[in-house]
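Participant: need the 3D shape of this:
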Amino acid sequence: MTAGIDLDDAIERLRLGRVGAVLGEAGGWIVGGVARALVAGAEPDADVDIAVDRELGPLLDRLGARARRHDRFGTAVVPLGDGRHADIARTRTEAYPRPGALPDVAPAPIEDDLGRRDFSVNAIAVAIASPHAVLDPFGGAADLAAGRLRVLHRGSFRDDPTRAIRAARYCARLGLAPDRTTRRLLEAAELGLVSADRRDAELRRLAGERAAAEGFALLDEWGVMPLPEGGGELPAAVGQTRLDPLWSGHVEPAVRAMLIAAGASPGLDRALELAAARPASPSRAVRLASGVDPAVLLVARAAGGSWVDRYLREWRDVALEISGDDLLAAGIPRGPAIGAGLAGALDRKLDGEIDAGRSAELAAALEIAADVG
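Facilitator: Modelled structure (predicted):
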């Protein structure tokens with residue numbers, strides 16, 4: 001699959017700098033998504049995964065980089081510049097003491113490291129050093145070209161059920177479909193065997209994908225994680241809504257909104273209540289939406305609550321020019337009348353019942369506060 005691909009040029013464009021020089025000299029390999037992109041002639045991710053069959057400590061000392069070391073796992077994160085980084089790991093094997101447990105790891109050659117991976121399309125390595133040998137012992141490049149996701153081991157989903165979530169992520173992102181054996185094994189995956197933290201971390205990665213809705217639909221189709229009853233279309237609606245310029249800047253809420261829509265995070269019932277609401281006035285809309293998690297609001301909008309857009313665009317930031325001090329100066333005693341006066345004046349301002357300006361706001365607030373008093 002690398003025929004016609006200039007790996008020298010492709011790896012040069014990764015701008016690995018001194019990290020590439022040191023790790024290339026040490027026999028390092030580019031692995032993961034960047035290796036997959038290189039053999040496919042696709043645009044790689046900005047961040048790079050590198051595997052090397054050496055102790056990392058001396059290599060990191062040579063780099064003199066501000067590396068974040070994780071000695072327990074034999075890994076490190078090294079900055080590449082421009083906000084990019086390299087995830088560096090010592091090549092290793094893994095053994096799972098029981099289903100769903102974290103693996104025991106031991107150093108091993110690159111061939112064994114590739115053999116421990118989840119899918120053939122992730123078991124590809126490209127040498128950093130020229131002439132950039134390609135290791136593809138499981139036919140991952142051919143599977144990628146055929147649009148096929150193939151698990152490497154029959155016990156893969158038993159050892160780590162979160163691989164089923166990764167399967168959905170890769171299928172959705174790369175346009176793959178599991179082969180017959182992989183599909184059968186996926187349908188037997190049990191997410192309940194892993195900790196909630198590990199499961200949720202993988203679900204968040206899926207929720208952050210551009211094709212997240214398709215991924216959650218696959219989990220539902222495979223029976224790994226059914227979507228909420230009657231809500232099968234909601235993740236796709238959230239995916240569409242979060243592309244709107246009004247929402248596109250809210251990256252973190254957008255991820256959580258996808259999790260809520262897929263039933264993987266609390267908040268769906270509240271979102272559907274808001275979607276069904278038909279606030280009779282701007283002030284009523286503000287009372288409904290104020291203090292609500294933006295992720296829940298996004299789901300509500302995706303579920304049909306069109307009023308949420310107007311809340312965000314027009315009403316959310318409306319504020320009074322007066323404060324409680326103005327009411328105190330006008331003779332209103334401290335107490336609930338102050339809050340009631342301000343809240344009532346804001347309602348009238350939102351609903352267009354008073355003219356703009358401090359004097360109109362103060363008159364309304366005093367009238368309401370007097371009634372409370």
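
Participant: now do the strands in this protein.
Facilitator: 29-31, 48-52, 68-70, 75-81, 84-90, 92-95, 104-107, 125-127, 134-135, 148-149, 177-178 (DSSP state E).

Participant: show me what the helix-or-strand element of the chain with minimal mean pLDDT is packed up against.
Facilitator: Least confident helix or strand, the chain: strand 68-70 with a mean of 86, by mean pLDDT, DSSP states H and E. When contacts are defined as 3 or more CB pairs under 8 Å, 6 or more residues apart in numbering; DSSP states H and E, strand 68-70 sits against helix 56-63, strand 75-81. Every C-beta, even on glycine, is put in place using the N, C-alpha and C of the backbone.

Participant: mind checking which of these is nearest S120?
Facilitator: Smallest distance to S120 across the helices and strands packed on strand 68-70 (CB to CB): 22.9 Å, for strand 75-81.

Participant: what's the mean pLDDT across that closest one?
Facilitator: Averaged across strand 75-81, the pLDDT comes to 93.

Participant: likewise for stretch 320-331?
Facilitator: Rounded mean pLDDT across stretch 320-331 is 97.

Participant: for it, measure first residue to last.
Facilitator: Its first and final residues considered, stretch 320-331 spans 19 Å by CA to CA, to the nearest Å.

Participant: what does that stretch contact?
Facilitator: The contact list for stretch 320-331 (CB atoms under 8 Å, 6 or more residues apart in numbering) reads 334, 337-339, 341-342, 345-346, 349, 357-358, 361-362, 365-366, 369.

Participant: now those: which count as buried?
Facilitator: Using 16 or more other CB atoms under 10 Å as the burial test, the contacts of stretch 320-331 include A337, I338, G341, L342, A345, L346, K349, E361, L362, A365, L366, A369 as buried.

Participant: so which of those residues are in helices?
Facilitator: A337, I338, G341, L342, A345, L346, K349, E361, L362, A365, L366, A369 (DSSP state H).

Participant: if we can go back for a sec, redo the buried ones among the contacts of stretch 320-331 as a markdown table? Include pLDDT and distance to L135.
Facilitator: Shown next, in a markdown table, are these (pLDDT from 0 to 100; distance: CB to CB, whole Å):
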| residue | pLDDT | distance to L135 |
| --- | --- | --- |
| A337 | 96 | 76 |
| I338 | 97 | 73 |
| G341 | 97 | 74 |
| L342 | 98 | 69 |
| A345 | 98 | 71 |
| L346 | 98 | 66 |
| K349 | 98 | 67 |
| E361 | 97 | 71 |
| L362 | 97 | 76 |
| A365 | 97 | 74 |
| L366 | 97 | 79 |
| A369 | 95 | 77 |
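
Participant: still on that earlier bit, what's the spacing between the least confident helix or strand of the chain and its chain's center?
Facilitator: Mean C-alpha position of strand 68-70 versus that of the full chain (CA atoms, centre = their mean, to the nearest Å) differs by 23 Å.

Participant: so which residues of the stretch 151-300 of the chain form helices?
Facilitator: 156-159, 163-174, 180-187, 196-207, 212-222, 234-241, 245-248, 251-261, 268-276, 282-289, 294-302 (DSSP state H, counting those that start in this stretch).

Participant: ok and the fifth one relative to helix 234-241, angle-wise?
Facilitator: With axes from the mean of the first three to the mean of the last three CA atoms, to 10 degrees defining the directions, helix 212-222 sits at 170 degrees from helix 234-241.

Participant: quick one: neighbours of A177, just the number.
Facilitator: A count of nearby residues for A177, using other CB atoms under 10 Å, gives 12.

Participant: I misspoke; the intended subject was A42.
Facilitator: A42 has 15 nearby residues by other CB under 10 Å.

Participant: OK, contacts around it?
Facilitator: Counting by CB under 8 Å, 6+ apart, A42 has contacts R36.

Participant: gap between it and P226?
Facilitator: Noted for A42: a distance of 33 Å to P226, by CB to CB, to the nearest Å.

Participant: cool, P266 as well?
Facilitator: 17 Å.

Participant: taking the buried ones among the contacts of stretch 320-331 together, which two end up most distant?
Facilitator: That would be A337 and K349, which, of the buried ones among the contacts of stretch 320-331, are the farthest apart (CB to CB) at 18.4 Å.

Participant: what residue ranges in the stretch 201-350 of the chain score low on pLDDT?
Facilitator: Within the stretch 201-350 of the chain, no stretch has pLDDT under 70.

Participant: can you list the domain ranges for the chain.
Facilitator: Domain assignment of the chain by automatic domain parsing yields the ranges 7-138, 147-226, 228-313, 324-372.

Participant: what about the shortest one, how long is it end to end?
Facilitator: When you say that, I think you mean domain 324-372. This stretch, domain 324-372, spans 15 Å end to end (CA to CA).

Participant: good, wrapping up.
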